[in-house]
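Visitor: just to be clear, the model below is a prediction. Sequence and coordinates:
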2 protein chains.
Amino acid sequence: MSEPANGNDGRPTRVTIREIAELAGVSIATVSRVVNGRGDVSAETRENVQRVVRERGYTVNRSARGLSAGRTGFVGVTIPKVHPVYFSSILSGAAEALSEQDMRIVLCPTEHEHDREVSLLERLMHGTTDGALLVLPEETNDELESLLNHGYRFVVIDPLKQLNERVPAVSAANSSGANQAVRHLLALGHRRIGAITGPNGWLATEERRGGYHAALASAGIMPDPAIEVASDFQIEGGIEAGGRLLDVAERPTAIFAFNDNLAIGAMQAARSRGLRIPEDLSIVGFDDLEWAQHVTPALTTVRQPLAEMGRMAVSLLTRLLDNQSFEALHVELATRFIVRGSTQRVSA
Amino acid sequence: MSEPANGNDGRPTRVTIREIAELAGVSIATVSRVVNGRGDVSAETRENVQRVVRERGYTVNRSARGLSAGRTGFVGVTIPKVHPVYFSSILSGAAEALSEQDMRIVLCPTEHEHDREVSLLERLMHGTTDGALLVLPEETNDELESLLNHGYRFVVIDPLKQLNERVPAVSAANSSGANQAVRHLLALGHRRIGAITGPNGWLATEERRGGYHAALASAGIMPDPAIEVASDFQIEGGIEAGGRLLDVAERPTAIFAFNDNLAIGAMQAARSRGLRIPEDLSIVGFDDLEWAQHVTPALTTVRQPLAEMGRMAVSLLTRLLDNQSFEALHVELATRFIVRGSTQRVSA
DNA sequence: AGCATGTTCCGGAACGTTTCGGAAGTGTTT
DNA sequence: AAACACTTCCGAAACGTTCCGGAACATGCT
């Protein structure tokens, strides 16, 4: 009835839906429907309300909406503590797609929270976010599926393991991208092609390895374990692994590094051994991070559409949140092979 | 009294504070006080409540808390659409510091929202976030101060303009960092030292320029406008600007690039002109991004403590939110000069 | 005994929104 | 003129917290 009691903090009291309703001479229910673009309101009333909203600079209180409607407009994104640029590309794609629907990203560092079962995700969802994007999640298949059964909505980006068909995921065409990269090397006459892989067991590693082996097989070459060393997707790891590869008895003439970090590490290892790239050694990477075209020589690599993966994940999630049905829960985005200066026809 | 009405969606009804209260045989208010660690509750009751909370996996509903208490536990971070790795370093520092206090970052893309005056920030604060971190904000001094007067809490990271004393900000010691870099070049015997600056008018640019000029002056050298070209902090810009610098009549023997992107661009420009680094040309950068030590030759640069800037900003913001008073609203973090392989004593 | 002082807890009123059920008003059909 | 359908709007009940004011009880002091 009377004015709402305020004067609590120094904080100025914000303009509320009630105020708009009074000024526009309608009920708060009507204002709500206008603001949320629902039907059931005449054009005249709608315009009038919108005018008042604009004049007073009203914006909906997301906490109140979250409480009342159950949806907060927030999407949680778990952030792995590796590969900042890989991650930020995905992030910017997702953020862009989300802001189109007036939704926002909540960052959820996944530090030491893996003590209690699925505690992070439970916390994530409970009154905080409508859904989540899980980047490189360490949760097991069972954990993820149990989450799914609890009614949580999320989509996995770049799964570490082969996921159950029911959990939505988006990834890149690792196998065919790797295949293409190695075929390129073969076409240049290389026969002894080493590889620096990611951690064994990671899906991205195994799929790329599959493409690598398949391409070798198509040329009648047996993979040689001596020139296939596992690493950790980091630059330092690439230096070390590249060194091991180059110190092998019968040195490879080309190296397929399973990501750009490893490739740049391998380049350093080669250089420190007096090898020229690409004259003495061809190198191919995977990712096409921003700096790949700016190293010397520019890196031949497989482009992974990271931002697009973020956007696609958002699109899947949105449809999940709207309870729409799905034709395919697993989406694999195409990669693109980019030839630059780090590969060359094998020298006689 | 009876069970709460549910069965609305397929969504499972979550465990609420009321449930915990009943199970623990105390009032809702008591549970709230336990959960929020406030006093006024006996050790026995506290432990009992905590046990029930643990058993049922209760977590507070942030929307409800936001509505009721006015604080949401969310901090908005505006993201400029440039320099992903620069930005992600700041972000990870801030995220880390915030998660220690169980607060979260909400990402706020600042695309085309600059139409209506301060609309982004108003939306940001209104029931959504407790405060904000503004990275490289394009808002004017007046806008920021008006926000401040409206009771908004925020801290600026890396301001673009000289800010009013009243608006809290954290930045790096641009001037002294630049000074140190140029003194290093001078000590190596360089006399003709060019510069690729950032956009004119940006605070970081002007401060670094100040340090650059001061160092030159200390060696009795007048800055030569012919070898000081402005660019945009991007790699492409560095290539272009570096080219201009190297095509000048009396070519500089060293280039101070105002960030690492520009430095790597300049390196490319030099290489495409057949110049060797560091033999024919010394190059210094600014930032020390991750890859700076992995380019060839490794980049001599000024390290900016980006993650620390994020943490510091959070610390300032936290104190602002707690209404604590301040000794200094402007914090400048020290930079560190790092000598690597891209600089060398000037050749005779 | 009477009184002040603490300690521990509870009741209940906000907080700002969404949404359900229904109430007016206006036509249209029977 | 009654019955019905449709459109447009409203009232009021949630949603799950926080926090103020005060109740109940124990304790210490006079």
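Guide: Perfect, thanks for sending it. Numbers count the residues shown, from 1 in each chain, chains lettered A, B, ... in the order given.

Visitor: find the residue at the geometric middle of chain A.
Guide: Central residue of chain A (C-alpha atoms, centre = their mean): A:Ile90, 4.0 Å from the mean position.

Visitor: that one reaches A:Glu308, doesn't it?
Guide: No - contact between A:Ile90 and A:Glu308 fails when scored by C-beta atoms under 8 Å: they sit 9.3 Å apart. C-beta coordinates here come from the backbone N, C-alpha and C atoms, glycine included.

Visitor: before we move on, the earlier item: and the residue nearest to the centre of chain A, how far is that from B:Ala97?
Guide: From A:Ile90 across to B:Ala97, the span is 23 Å (C-beta to C-beta, to the nearest Å).

Visitor: ditto for A:Ser146
Guide: With distances taken as C-beta to C-beta, A:Ser146 is found 32 Å from B:Ala97.

Visitor: over to A:Asn61?
Guide: Look at A:Asn61 and B:Ala97: by C-beta to C-beta, they are 27 Å apart.

Visitor: same thing with A:Ile283?
Guide: A:Ile283 is 39 Å from B:Ala97, by C-beta to C-beta.

Visitor: between the two, tell me which one has more neighbours.
Guide: Taking neighbours as other C-beta atoms under 10 Å in any protein chain shown, A:Ile283 and B:Ala97 compare with A:Ile283 leading, 28 against 21.

Visitor: just the helices in the stretch 101-250 of chain A please.
Guide: Along the stretch 101-250 of chain A, counting by DSSP state H, counting those that start in this stretch, helices occupy A:119-125, A:141-149, A:174-187, A:203-218, A:235-246.

Visitor: can you give me the buried ones in the longest one?
Guide: Same thing as helix A:203-218. Buried residues in helix A:203-218, counting neighbours by 16 or more other C-beta atoms under 10 Å in any protein chain shown, are found at A:Leu203, A:Ala204, A:Thr205, A:Glu206, A:Glu207, A:Arg208, A:Arg209, A:Gly211, A:Tyr212, A:His213, A:Ala215, A:Leu216.

Visitor: so A:Leu203 makes contact with A:Ile157?
Guide: No - assessed by C-beta under 8 Å, A:Leu203 is found out of contact with A:Ile157, at 11.8 Å.

Visitor: what residues are shared contacts of these two?
Guide: Taking C-beta atoms under 8 Å, 6 or more residues apart in numbering or on different chains as the criterion, A:Leu203 and A:Ile157 both touch A:Ser171.

Visitor: now do the strands in the stretch 1-150 of chain A.
Guide: Counting by DSSP state E, counting those that start in this stretch, one finds strands in the stretch 1-150 of chain A at the ranges A:74-79, A:104-109, A:131-135.

Visitor: for chain B, find the nearest of these.
Guide: Nearest to chain B, of all the strands of the stretch 1-150 of chain A, is strand A:104-109, at 4.2 Å by C-beta to the nearest C-beta.

Visitor: other SSEs contacting the closest one?
Guide: If you count contacts as 3 or more C-beta pairs under 8 Å, 6 or more residues apart in numbering or on different chains; DSSP states H and E, strand A:104-109 packs onto strand A:74-79, helix A:84-99, helix B:84-99, strand B:104-109.

Visitor: give me whichever of the ones you listed is most buried.
Guide: strand A:74-79 (a mean of 25; mean count of other C-beta atoms under 10 Å in any protein chain shown).

Visitor: give the rounded mean pLDDT of that one.
Guide: Averaged across strand A:74-79, the pLDDT comes to 89.

Visitor: residues making contact with it?
Guide: Strand A:74-79 is contacted from outside by A:62, A:66, A:87, A:91, A:94, A:98, A:103-110, A:120, A:124-125, A:128-135, A:137, A:314, A:317, B:92, B:95, B:106, using C-beta under 8 Å, 6+ apart.

Visitor: out of those, who's near DNA strand C?
Guide: Residues of these in contact with DNA strand C (C-beta under 7 Å from any atom of the strand): none.

Visitor: out of the helices of the stretch 101-250 of chain A, which gets nearest to DNA strand D?
Guide: Taking C-beta to the nearest atom of the strand, helix A:119-125 is the member of the helices of the stretch 101-250 of chain A nearest to DNA strand D, at 11.9 Å.

Visitor: may I see the buried residues of stretch A:261-270?
Guide: In terms of neighbour count (16+ other C-beta under 10 Å), stretch A:261-270 has its buried residues at A:Asn261, A:Leu262, A:Ala263, A:Ile264, A:Gly265, A:Ala266, A:Met267, A:Gln268, A:Ala269, A:Ala270.

Visitor: can you tell me which of these is nearest chain B?
Guide: Scanning the buried residues of stretch A:261-270 for proximity to chain B, where the rule is C-beta to the nearest C-beta, the winner is A:Ile264, at 5.5 Å.

Visitor: contact partners for the closest one?
Guide: A:Ile264 is in contact with A:Ile235, A:Gly238, A:Gly285, A:Val295, A:Leu299, B:Trp291, B:His294, counting by C-beta under 8 Å, 6+ apart.

Visitor: hmm, try it at 10 Å
Guide: Contacts of A:Ile264 were listed using C-beta atoms under 10 Å, 6 or more residues apart in numbering or on different chains, and they are A:235, A:238-239, A:242, A:257, A:283, A:285, A:289, A:291-292, A:295, A:299, A:342, B:291, B:294-296.

Visitor: try A:Pro168
Guide: Taking C-beta under 10 Å, 6+ apart, we find A:Pro168 in contact with A:134, A:148, A:153-156, A:313, A:316-317, A:319-320, A:326, A:328-331.

Visitor: just for chain A, where's the confidence low?
Guide: For chain A, applying pLDDT under 70 flags the ranges A:1-13, A:82, A:111-123, A:125-127, A:348.

Visitor: I figured A:Ala217 hits A:Arg183, correct?
Guide: No - A:Ala217 lies out of contact with A:Arg183 (C-beta atoms under 10 Å); the separation is 11.2 Å.

Visitor: quick one: residues contacting A:Gly177.
Guide: Counting by C-beta under 10 Å, 6+ apart, A:Gly177 touches A:207-208, A:211, A:286-287, A:301-304, A:334-337.
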